[in-house]
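Peer 1: Please find the sequence and the predicted model below.
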Amino acid sequence: METILIVDDEKNYPPIISSILEEEGYETLVANNGLAALEIINNSDIDLVLTDMKMPLMDGIALLERIKISDPDLPVIMMTAYGTVEKAVEAMQKGAYNYVLKPFDNERLILFVNKAITMYRIIKENRLLRNAVESQYKFDNIIGKSKAMQDVFETIQKVSPSSATVLIEGESGTGKELVAKSIHFNSPRRDKPFIPANCSAFAENLLESELFGHEKGAFTGAVAMKKGRFELADNGTLFLDEISELSQGLQVKLLRALQERTFERVGGIKPISVDIRIIAATNKHLKEEVKKSLFREDLFYRLNVLNINIPPLRQRQEDIRLLVDHFIKKYAGQKKMGQPVTGIDMEVERLFYDYSWPGNVRELENFIERATILCAGDKIRISDLPKEFRDNVYNTLRFEGIPANAKLYETLDLVEQIMIKRAMKMANNVQSHAAELLGIGKSGLNQKLKKFNID
């Protein structure tokens, strides 16, 4: 229920207005002067202020000015007599939502109030959404305790306050867009647009239009003028993902736009100026692309003002468990039946450390989301993970990822299981052949198959 504050020093009007508004489903509070109104506003959640123009101690104009300092979006409707219409117009110029004349028409008053309340409701919803987004992309919410990720956090913290161009390099799935959003939402441009553009998602002729927009009739199908990502990002941040996929022709046009901060829409001749921050990302080493003459050197140096290199997951294995716990919490609500998932089996954890993670954090998240849904118990087991993962990880035997607190007998059992499963796969499940590969007798292999419940 929205709350409306009625401010009027007359005795008759507030009870009448309260009665009218409460019949419409609103809660009302009353103050008889501007100072009392400010105290209520500071201590209550108010959705609309309905104030008289003439009052002792503080008039309606002064109250309006104080309200707009503390909350510029809070709507204020002025009540005024015929003789002070000019003052009401002045109030509108200073940010009042509207004004009503005394004696007022009830339906007109209700109409103004409903519109103002609806507008403020949308503003508050947008505030909540933005706060949630900003919270999600705070740099300290990116998961990682490894030295490599701590270096990334430190760099984000340093570069965010500036408007300098940033180049983010890293393999696919490492979280380049997450870092870009963290930079934006921790910068002075946080209240302005963050506009992403994937340079590999469009054909060359369409990408130019996506970036710079087009005029009506610029090409077949251009039935109306369209603003491009550069224009939409004005005063905010433009995120150019997969920048290495730009054609040579578009590299030239992008270089000019970055140097001059002006461009023309496709089919247009009028220069358009913008104030934007550029953040670019690539899964390739742009310097190597320059050496191969696949990327312009001058554009590379224009983009590479500040550089952030995100390490692949295999180089920060100490972050795996943190990420696993984070994704389990994230997707816990997707499991509708059975016990809630609380963790992963020890065998799964060890195999995760042994895996090379070609898809990086995105691949790990995919595994956990899938396993959370399929898991029969409260812990994710190896059988809940994709067959391709099991086949891949059992074909390698690496020890770098074994936790420091792992027990010897548990580790030896795990090594035996890995070797037996790999041998059985190589021998097409012929036990005599698998035993020969392992250098043990067939009866010994049979005992171990039973011990480890290997089918």
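Peer 2: Ah, there it is.

Peer 1: quick one: pLDDT of the closest residue to residue 257 other than its chain neighbours?
Peer 2: With sequence-adjacent residues excluded and distances taken as C-beta to C-beta, 6 or more residues apart in numbering, residue 257 is closest to residue 263, at 4.5 Å. (Each C-beta comes from the backbone N, C-alpha and C, glycine too.) Note on residue 263: pLDDT of 93.

Peer 1: Report the contact partners of residue 263.
Peer 2: 212, 228, 230, 253, 256-257, 271-272, 274 (C-beta atoms under 8 Å, 6 or more residues apart in numbering).

Peer 1: Report the residue spans of this structure with pLDDT below the cut-off.
Peer 2: By pLDDT under 70, the low-scoring segments of the chain are 82-84, 126-141, 336, 393-404, 422, 425-428.

Peer 1: Tell me how far the residue nearest to residue 257 lies from residue 203.
Peer 2: 19 Å (C-beta to C-beta, to the nearest Å).

Peer 1: How about residue 229?
Peer 2: Going from residue 229 to residue 203 by C-beta to C-beta gives 16 Å.

Peer 1: and if you look at residue 419?
Peer 2: Taken as C-beta to C-beta, the span from residue 419 to residue 203 is 50 Å.

Peer 1: more crowded one of the two?
Peer 2: Neighbour totals were compared for residue 419 and residue 203, and residue 419 leads with 16 against 8 (other C-beta atoms under 10 Å).

Peer 1: With adjacent residues omitted, what lies nearest to the more buried one?
Peer 2: residue 438 (6.5 Å).

Peer 1: from what I can see that neighbour touches residue 423, true?
Peer 2: Yes: counting by C-beta atoms under 8 Å, residue 438 touches residue 423, with 5.1 Å between them.

Peer 1: Work out for me the element residue 308 sits within.
Peer 2: Here residue 308, judged by DSSP states H and E, is contained in strand 306-309.

Peer 1: next helix or strand past that strand?
Peer 2: helix 320-331.

Peer 1: ok, the strand holding residue 308: who's next to it in the sheet?
Peer 2: strand 166-169 (parallel) (DSSP bridges).

Peer 1: Could I get the CA-only coordinates of the partner strand as CSV?
Peer 2: This file holds the C-alpha atoms of strand 166-169, laid out as CSV (Å, rounded to 0.1, in the frame of the first residue of the first chain):
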residue,chain,number,x,y,z
VAL,A,166,40.3,-1.2,-21.4
LEU,A,167,41.3,-4.4,-23.3
ILE,A,168,40.3,-7.7,-21.6
GLU,A,169,42.1,-10.8,-22.9
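
Peer 1: got a list of contacts for it?
Peer 2: Contacts to strand 166-169, defined as C-beta under 8 Å, 6+ apart, come from residues 159, 176, 179-180, 183, 243, 278-286, 303-310.

Peer 1: out of these, which are inside strands?
Peer 2: 278-282, 306-309 (DSSP state E).

Peer 1: Report the buried members of these.
Peer 2: 278-282, 306, 308 (16 or more other C-beta atoms under 10 Å).

Peer 1: May I see the residues you listed organised as CSV, with distance to residue 154 added?
Peer 2: As requested, these are exported to CSV (distance: C-beta to C-beta, whole Å):
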residue, distance to residue 154
278, 22
279, 17
280, 20
281, 19
282, 22
306, 13
308, 10
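
Peer 1: of these, closest to residue 38?
Peer 2: residue 279 (42.2 Å; C-beta to C-beta).

Peer 1: which residues touch the nearest residue to residue 248 once chain neighbours are set aside?
Peer 2: Nearest residue to residue 248 in three dimensions, chain neighbours excluded: residue 296, at 7.3 Å (C-beta to C-beta, 6+ apart). Neighbour list for residue 296: 248, 251-252, 255, 290 [criterion: C-beta under 8 Å, 6+ apart].

Peer 1: Buried members of these into ChimeraX, please.
Peer 2: Burial among these is assessed by 16+ other C-beta under 10 Å; the matching ChimeraX selection reads:
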select :251,255,290
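
Peer 1: Show me which of the contacts of residue 296 is closest to residue 54.
Peer 2: Residue 54 has its nearest neighbour among the contacts of residue 296 in residue 255, at 61.9 Å by C-beta to C-beta.

Peer 1: hey, where'd the strands end up in the stretch 251-400 of the chain?
Peer 2: Using DSSP state E, counting those that start in this stretch, the strands found in the stretch 251-400 of the chain span residues 262-263, 272-273, 277-282, 306-309, 343-344, 379-380.

Peer 1: Please tabulate those in TSV, including the columns distance to residue 78.
Peer 2: TSV is the format used below for the strands of the stretch 251-400 of the chain (distance: least, C-beta to C-beta, whole Å):
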stretch	distance to residue 78
strand 262-263	43
strand 272-273	39
strand 277-282	40
strand 306-309	49
strand 343-344	60
strand 379-380	61
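
Peer 1: so which of the ones you listed comes closest to residue 190?
Peer 2: Evaluated with C-beta to C-beta, the strands of the stretch 251-400 of the chain place strand 277-282 nearest to residue 190, the distance being 11.2 Å.

Peer 1: Many thanks, I have nothing further to ask.
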